[in-house]
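# compute the structure for the input listed below.
(chains A, B and C, ligands or ions: 7)
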Amino acid sequence: MLPKPSGENGKNAASGLPHSSGDKRFKILELHMKKHQFRQDALIEVLHKAQELFGYLEDDLLLFVATKLKLPPSRVYGVATFYHFFQLKPQGEHACVVCLGTACYVKGADKIIGGIQEKYKIKSGETTADNKLSLLTARCIGACGIAPAVTYDGQVAPKQTPEAALEKIKTWI
Amino acid sequence: MQLDDLIAIAEKHKGSRKKIIVRTCMSAGCMSSQADVIKKNLETEARLQGLEADVEVRRVGCMGFCGQGPLVGVDQNGEHNLWEFVKPEDAPSIISALKGGACRVQRGDPKHPFFAKQMHIVRANGGIVDPERIEDYIAIGGYLALHHALTELQPAQVVEEVTKSGLRGRGDAGFPTGLKWGTVAKSPGAKKYIVCNGDEGDPGAFMDRSVLESDPHIVLEGMAIAAYAVGADQGYLYVRAEYPLAISRLQIAIKQAKQLGLLGAGIFESPFSFNVDIRIGAGAFVCGEETALMASVEGKRGTPRPRPPFPAESGLWGCPTLINNVETFANISAIINRGGDWYAGIGTEKSKGTKVFALTGKIKNNGLIEVPMGIPLRQIVEEMGGGAPDGRSIKSVQTGGPSGGCIPANYLDTPVDYESLTKLGSIMGSGGMVVMDDSTNMVEIAKFYMEFCMEESCGKCIPCRAGTVQMFNLLEKITRRQATARDLAKLEELCDMVKNTSLCGLGQTAPNPVISTLKFFRKEYEELLQPDPFGPAAGGAPLAPERVTK
Amino acid sequence: MAAKTLTIDGKLISAEEGATVLQTATEAGIKIPTLCHLAGVYDVGACRLCIVEITGVAKLLPACTTKVAEGMEIQTNSERLRKYRRLILELLFAERNHVCAVCVSNGHCELQTLAYSQGMEHVRYDYTFPKWGVDTTHRLFGMDHNRCVLCTRCVRVCWHIEGAGTKNVAGRGGKSKIITDLNQAWGDSVSCTECGKCVMACPTGALFQKGSTVGEMEHDRDKLEFITTAREKKQWVAAD
Ligand SMILES: Cc1cc2nc3c(=O)[nH]c(=O)nc-3n(C[C@H](O)[C@H](O)[C@H](O)COP(=O)(O)O)c2cc1C
Ligand code: SF4
Ligand code: SF4
Ligand code: SF4
Ligand code: FES
Ligand code: FES
Ligand code: FES
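Ligands and ions are numbered 1, 2, ... in the order given. As a prediction, the model looks like this:
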């Protein structure tokens, strides 16, 4: 049983289903689910794959997963919002993840965050208006030996300062 | 695969070794400073300088001294050299130094206390073997312990050996590993599971990451031995999503072990079968708690459930489940190879063996160390760690992360073992050791941890969900100099209640950083308090009448 | 089944093996405060109000999920437990916006009753005044998130008994929220069978029948009786 279509101007919530959209990524996702024999306990692996393919988890996508794994949509939504790794909103072109784990914190990671927040007027978890930069925080990425660590588009950089971070972000914008 | 085949692989691999080995750390820390480029350049240089036949440039895991990275180690004529802060453009100099002559790179001192005071069991192969080549692991005796267990020991004997070793869980609480294995072995059930906890959520800790990235097979071998001992045939290795390198190396390791028949059906041509699947976390600290982790493996929200029943009786899908930490499993092959008595000879009376610590924060030598249990904290932070940088002095050492406490500098002579740390109101925890210098404000540190617990609370039980919010608000009020003695009393009352009534370990330990800083640094709190306008006798503002009315 | 002998608050009691401390105490006429417990659905041990002291056990354990054992000595009402319960209730009142005077459940609310019975007269913690919404899109029912205590009783009846799975918890920690399907308006849900079980199960005024005015909304727990019976007779089958 599917929930009624949601969203504005009659946009069908189920429009993401492969037969109606033809988006190849749904096919890939479905193959991934098949690899897991559509097991319900594979939900988190499937959401990882979905986010990898689509960048973030849109309602349509969650509904597609719910249908295929035969799980209540509320369950899929509940899981997707429990884990901070899953993004339900589109992200900016570039992502800067500042580690706020203990080792990085005592070495001044809060100043790095502060510097970026001040310069780009965004808080942690937000994206700039021009959609160029998303600022995120992590709780230890296991690189504490080279603290404070910042991840720029997935690439970890060691011993960062506010200046170094702003310098790097400038190359993106 | 039989013993002869295993030995043949080892011999063949050893026979094909080159004279000089240049080990490049390709673990998380050094990778962040282009270790991959360094390795490529070293390979190119070796070729250009005509040393291709003599030099093997090897990818290795973390050597421990991450703060001085990227590191390159050289084994030549029985001597070991270590180069620190290596840059990609240093490759020509490092290679030409192999032919004699100076090298422009900073030389590390392998006799430095940072290394000399260490004792390696868990990290024996870290920085030595190529984590992506199973032959490297086999060449140094890998999977012999599994063979020995399967062919010469009964499952009960394996449990007995582990019990004899005195090994205690390295995940947090130090539960005796042999006892846990025995319980799972005795639990009735046709289907049993092994789970390896690689969630490592403690911020400021990276021991498990390093083991998984540097020596994945030592963990897989430990899991397989455990599976044989308790009668399981399926394992799950839960790794946090923040560790992509560890995940990919584990995937490679599992594939290679399967190809050689060291995982899968009929291992060493015995009836014993064991498969391991990786499960990737998704950013939730609470999933390190065992019942939450199991919910997560089952694809659910990672909320803990009350124990009993313990996982040993009813775990994954209701089946008996053995869950141990990465480091716990990494100790197993050595215990089987060298005997429980040998292991029990290391450490103190109640804390056996070694422990890996991540030494970080305001300390000169950052990195990973493995030391025998019972070593005084002072030796770790002053001799090995070199004390605080910039001429400052150490104020306190935080162990146990958000569940632990801060040990003040005047207790530095405390031996590092489970009991001594607990007595000081801290815990051993998983091995994070964050050093704070005299510029650190301890109330801010307590607030930092409380914020962490508040954000990581799963929200299932009221004391932790709502209590961490109120405790955080009170700490915020104190640091903003808006609180009175009454607020401090409220904070202490909440600490006591949340500690005693929360459902899982997260809530039960969330107040610890506050309790411990209050115990040793109470003055720092009191200095921030304001005089109480209503006087200490006023029991708080009365409840607005419209709020609770019949 | 084998009988177990134990004492609760000094009273010698015989209980069936497998029974919980809560069941045993209730049968013996000893009242232990509960909030997340609901007869007929599985227990989650989440509200912690039913915690008891057991001699020889260092930790306080919830009565609703703890099974009886031979020789157990249980205290349900010590000064310490009463204090903890009061604090827990204070936390709940400070967490969201519970303004009883204007609540549809005023007078029939389990939270309100608990506050009275536990002698919780003051909330000494700062109210957080969060801005939670009200969902009145459903034809028959409404949900006021301001009054939700996240006991998940609605979630459990909807999934375990009705088998609809309409309701679940989204988010985590203090930001947890009861949702309908993909966090959409209740009125838009097709999975909801409009059975009303969640409304019956709710201990507070968070879930209500539309059209009820202040103090009018009674959660008819008797109606849930039939569900419990049906469940015991295994008339419904729902996997976990
Ligand atoms: C909030 C919380 C977080 C935890 N995180 C971890 C973790 O990251 N890694 C770990 O091995 N154990 C963690 N534990 C401990 C596990 O619940 C469990 O005790 C442990 O994995 C058992 O393994 P051991 O006996 O080998 O220590 C955590 C416990 C709690 C309460
Ligand atoms: S103590 Fe905290 S993390 Fe643990 S179950 Fe309760 S709310 Fe969840
Ligand atoms: S009315 Fe019934 S089906 Fe609808 S949400 Fe409530 S319990 Fe679920
Ligand atoms: S809506 Fe009612 S039943 Fe559901 S969690 Fe909230 S308080 Fe409990
Ligand atoms: S604390 Fe930042 S990487 Fe560990
Ligand atoms: S990461 Fe290279 S030495 Fe630790
Ligand atoms: S009733 Fe037992 S914990 Fe809520």
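# burial count for the nearest residue to B:Ile128 once chain neighbours are set aside?
The shortest distance from B:Ile128 to any non-neighbouring residue, by Cβ to Cβ, 6 or more residues apart in numbering or on different chains, is to B:Val60 (6.2 Å). From N, CA and C alone the C-beta is placed, and that goes for glycine too. B:Val60 has 27 neighbours, counted by other Cβ atoms under 10 Å in any protein chain shown.
# work out which residue lies at the spatial centre of chain C.
Nearest to the mean C-alpha position of chain C, by Cα atoms, centre = their mean, lies C:Cys36 at 2.4 Å.
# give me the secondary structure label for B:Pro513.
Recorded secondary structure, B:Pro513: helix (DSSP: H, G, I helix; E, B strand; the rest coil).
# same thing with the one 4 residues further on?
Classification of B:Thr517 by three-state DSSP places it in helix.
# I figured it hits B:Met442, correct?
Yes. With contacts defined as Cβ atoms under 8 Å, B:Thr517 counts as touching B:Met442 at a distance of 4.5 Å.
# what's the domain layout of chain C?
Structural domains annotated on chain C: C:3-77, C:83-233, as defined by automatic domain parsing.
# quick revisit: what residues are up against the residue nearest to the centre of chain C?
C:Asp43, C:Val44, C:Gly45, C:Ala46, C:Cys47, C:Leu49, C:Cys64, C:Cys151, C:Thr152, C:Arg153 (Cβ atoms under 8 Å, 6 or more residues apart in numbering or on different chains).
# give me the subset of the residues you listed touching ligand 4.
C:Cys151, C:Thr152, C:Arg153 (Cβ under 6 Å from any ligand atom).
# so which residues of the chain form helices?
Defaulting to chain A. A:18-21, A:24-35, A:43-54, A:59-69, A:73-82, A:102-106, A:109-120, A:162-170 (DSSP state H).
# try again with chain C
Under DSSP H, chain C gives helices at C:21-27, C:79-95, C:110-117, C:153-156, C:197-201, C:221-232.
# where does chain A get nearest to ligand 7, residue-wise?
Ligand 7 sits closest to A:Gly78 of chain A, with a gap of 20.1 Å, by Cβ to the nearest ligand atom.
# distance of that residue relative to chain B?
The spacing between A:Gly78 and chain B, counted by Cβ to the nearest Cβ, to the nearest Å, is 6 Å.
# wait, doesn't B:Gly505 sit right on B:Glu289?
Yes. Under the criterion of Cβ under 8 Å, B:Gly505 makes contact with B:Glu289 at 5.6 Å.
# so for those two, which residues contact both of them?
B:Pro304.
# which one of those two has more residues nearby?
B:Glu289 (27 against 19).
# gap between the more buried one and ligand 6?
28 Å (Cβ to the nearest ligand atom, to the nearest Å).
# give the contact list for that residue.
B:Pro304, B:Cys504, B:Gly505, B:Leu506.
# got the phi/psi numbers for the residue nearest to the centre of chain C?
phi -80, psi -10 (degrees, to the nearest 10).
# can the longest strand along chain B be said to contact ligand 5?
Ranked by residue count under DSSP state E, the longest strand found in chain B is strand B:354-361. No. Using Cβ under 6 Å from any ligand atom, strand B:354-361 stays clear of ligand 5, coming no nearer than 7.1 Å.
# next structured bit after that strand?
As assigned by DSSP states H and E, the chain's next helix or strand after strand B:354-361 is strand B:367-372.
# which residues sit against that next one?
So strand B:367-372 is contacted by A:145, B:62, B:64-68, B:114, B:117-123, B:206-207, B:210, B:346-347, B:353-359, B:380, B:384, B:416 (Cβ under 8 Å, 6+ apart).
# rerun that using 6 Å as the cut-off
Strand B:367-372 has contacts (Cβ atoms under 6 Å, 6 or more residues apart in numbering or on different chains) with A:145, B:64-67, B:118-120, B:122-123, B:210, B:346-347, B:354, B:356-359, B:384.
# sheet-wise, list the partners of that strand with their directions.
Paired neighbours of strand B:367-372 in the sheet (DSSP bridges): strand B:354-361 (antiparallel).
# quick check: domain ranges of chain A?
Split by automatic domain parsing, chain A gives A:8-82, A:94-170.
# hey, least reliable of those domains by pLDDT?
Within the domains of chain A, confidence is poorest for domain A:8-82, with a mean of 86 (mean pLDDT).
# that one near chain C at all?
Yes. Domain A:8-82 reaches chain C (Cβ under 6 Å from any Cβ of the partner chain) through A:Asp59, A:Leu62, A:Pro72, A:Pro73, A:Ser74, A:Arg75, A:Tyr77, A:Gly78, A:Thr81, A:Phe82.
# and after the helix or strand where B:Arg279 lies, which helix or strand comes next?
Assigned by DSSP H and E, B:Arg279 belongs to strand B:275-280. Sequence-wise, the next helix or strand downstream of strand B:275-280 (DSSP H and E) is helix B:290-297.
# looking at the contacts of B:Glu289, which are in strands?
Going by DSSP E, the strands hold none of these.
# closest to ligand 3 among these?
Distances from ligand 3 to these, taken by Cβ to the nearest ligand atom, are shortest for B:Pro304, at 25.2 Å.
# what backbone torsions are found at the closest residue to the closest one other than its chain neighbours?
The shortest distance from B:Pro304 to any residue other than its chain neighbours is 3.7 Å, reached at B:Cys504 (Cβ to Cβ, 6+ apart). Per-residue torsions, B:Cys504: phi -120, psi 180 (degrees, to the nearest 10).
# show me where chain B has strands.
So, for chain B - with DSSP E - the strands run B:20-25, B:55-60, B:72-76, B:79-84, B:106-107, B:193-198, B:234-239, B:275-280, B:321-325, B:354-361, B:367-372, B:394-399, B:405-408, B:432-437.
# summarise which helices and strands the second one is packed against.
Spelled out, that is strand B:55-60. Packing partners of strand B:55-60 (3 or more Cβ pairs under 6 Å, 6 or more residues apart in numbering or on different chains; DSSP states H and E): strand B:20-25, helix B:35-48.
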